[in-house]
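I need the structure of the sequence given here:
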Amino acid sequence: GNYPNLLLCEVRVMFSSNLPGGAHDDVLSASPDTPEKTATLVEEIKSRGRVAISSGNYPLADALYSKAIELSPSAVLYSNRSLARMNLGKLDESISDSMLAVELDDKYVKGHWRLAQGYLSQKRYQQAKAAFEAALKIEPGNKAVKKELDKCKAKIEQEEMFDDGPPPISPVKPKKEAKASKTTTTKPKKSSTSSSAPPAAPTSTEEDEADDFNKSDHVRGYKLNAAGKKTSFFNNDLSEEDKKLIGDIAPKKISSAMDAATPAMKKGEEGVSVWNSAGTWEEKDVTKWAEESVKGCLSGISIDLPCGGIEAEDPVLKDSSASVAKVRGKTRFIFEFNVSFKFAATVDGEAVAGTANFEDVAPDCDGDYECQIEWDGGVSNAIRMKGNKHIRDGAFKEEVENRMAAWVESFKSKYK
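Numbering: from 1, shown residues only. Modelled structure (predicted):
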């Protein structure tokens, strides 16, 4: 049912600075008295937390996830609050939340990921490496974790490289004096290891360079190149043999667009891009077909809900784009849509209306498209929460995702 606005002192003191105007008092002040009401409230808070994170309102996200954890702690909630606190600069608290997430569910990859990111933010690379390895043990094929683990290992190797001090530096060999009138003598430096006569003094120019370098011997990461100049330790001088092997790699001017066209472009195929003669990239714009086919696929949604039913108008698409790209012989299907539906629904016998928005329908969502509901006026909190559960997070969202999955298959079949 509806949650009364019970303004608990503890909640007000803790969150009022983060929530000007008390816009979220309906959930932060709620005290559910049954497991079902608690579960419904936590789902509502999680949804609002996701929006707060995506909009960069991290203080609000921290407050919302803290309330959810108070009601029903879980690895997901601790992980999400860890993300909010990291963005607020609360690094120790963020790491603590990540550790709690892992303790609650040691198979939760994102918990290990958040823990590793926390350690990285404090340059604790060994601990970060262990956390990434734990995540990779659970999901060996996770490319994102592998990439971050490799970066972490590189950081560790870089630190170890200089643990014993700077790289060895070759002594400067002064050139022979050509004419006495062109040299400027200086007092020879005493040697702590030899009593032999000091080397001949360098010229004034050589002296400046040698003295500058000797004074910075303690600075890590420098060396002398073949010409006796100070340079980065990692700088690689190419020999004449190396230069001949590499050849001329200077950019060349293209006289016309067709000189750089792909084979498909030269054949006159419609809608393909002009890129290069090697055929490393070809892209065909199919936005017009995609918009029409998506509208057809998502039209006529009318389904029963556990709490009533919903009937949606035909979808409205904005900011659409779709293309087929061929990259070194592999075909990639690229699309992005912003889809919205006006709908009328019945929730627990009450007639309501609103708009369902799917603002990011793209391949990187892996078929899980976030839905937000804008309710028309006069909808009570109880009906709003029940409707969100079955429309935004339930049967209606699943119907849209299933239809989009079928559309993706038709997209691939048409342009394979």
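
So, low pLDDT: which residues of the protein?
1-23, 162-228, 230, 232-235, 252-283, 327-328 (pLDDT under 70).

Check it for its longest strand and report it.
If you go by DSSP state E, the chain has its longest strand at strand 330-347.

helix or strand right after that strand?
Sequence order places strand 350-361 as the next helix or strand after strand 330-347, per DSSP states H and E.

Buried residues of that following strand, list them for me.
The neighbour-count check on strand 350-361 (16 or more other C-beta atoms under 10 Å) flags 350, 352, 354-358, 361 as buried. (Glycine included, C-beta is placed from N, CA and C.)

In a markdown table: these, plus distance to Pro251.
Below are the buried residues of strand 350-361 laid out as a markdown table (distance: C-beta to C-beta, whole Å):
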| residue | distance to Pro251 |
| --- | --- |
| Glu350 | 67 |
| Val352 | 62 |
| Gly354 | 55 |
| Thr355 | 51 |
| Ala356 | 50 |
| Asn357 | 46 |
| Phe358 | 44 |
| Val361 | 39 |
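
Please give the element, helix or strand, for Asp62.
With DSSP H and E as criterion, Asp62 is part of helix 58-71.

what element comes up after that helix heading to the C-terminus?
helix 75-87.

That following helix relative to helix 58-71, how many degrees between them?
150 degrees (axes from the mean of the first three to the mean of the last three C-alpha atoms, to 10 degrees).

Residues touching the helix or strand following helix 75-87, excluding its own?
Using DSSP H and E, the next helix or strand after helix 75-87 towards the C-terminus is helix 91-104. The contact list for helix 91-104, computed with C-beta atoms under 8 Å, 6 or more residues apart in numbering, reads 73-76, 78-79, 81-83, 85-86, 108, 110-112, 114-115, 118-119, 121-122, 134.

hmm, try it at 7 Å
74-75, 78-79, 81-82, 85-86, 108, 111-112, 114-115, 118-119, 121-122 (C-beta atoms under 7 Å, 6 or more residues apart in numbering).

and Ile249, that one's in a strand?
No - for Ile249, which was evaluated using DSSP: H, G, I helix; E, B strand; the rest coil, the result is coil, with no strand membership.

The spatially closest residue to Phe411 that is not a sequence neighbour pairs with what?
Residue nearest to Phe411 in three dimensions, not counting chain neighbours: Phe333, with 5.6 Å by C-beta to C-beta, 6 or more residues apart in numbering. Counting by DSSP bridges, Phe333 forms beta bridges with Val324.

Number of residues surrounding Ile383?
Counted with other C-beta atoms under 10 Å, the neighbours of Ile383 add up to 20.

ok, it touching Val347?
Yes - Ile383 is within contact range of Val347, at 5.0 Å (criterion: C-beta atoms under 7 Å).

helix or strand right after the helix or strand containing Glu133?
Element membership of Glu133 [criterion: DSSP H and E] is helix 125-138. Sequence-wise, the next helix or strand downstream of helix 125-138 (DSSP H and E) is helix 143-161.

if we can go back for a sec, pick out whichever of the buried residues of strand 350-361 sits closest to Cys307.
Glu350 (9.5 Å; C-beta to C-beta).

ok, the buried residues of strand 350-361 vs Asp393, which is closest?
Ala356 (11.3 Å).

Just the helices from the stretch 201-350 of the chain, written as ranges.
204-215, 240-246, 263-266, 287-298 (DSSP state H, counting those that start in this stretch).
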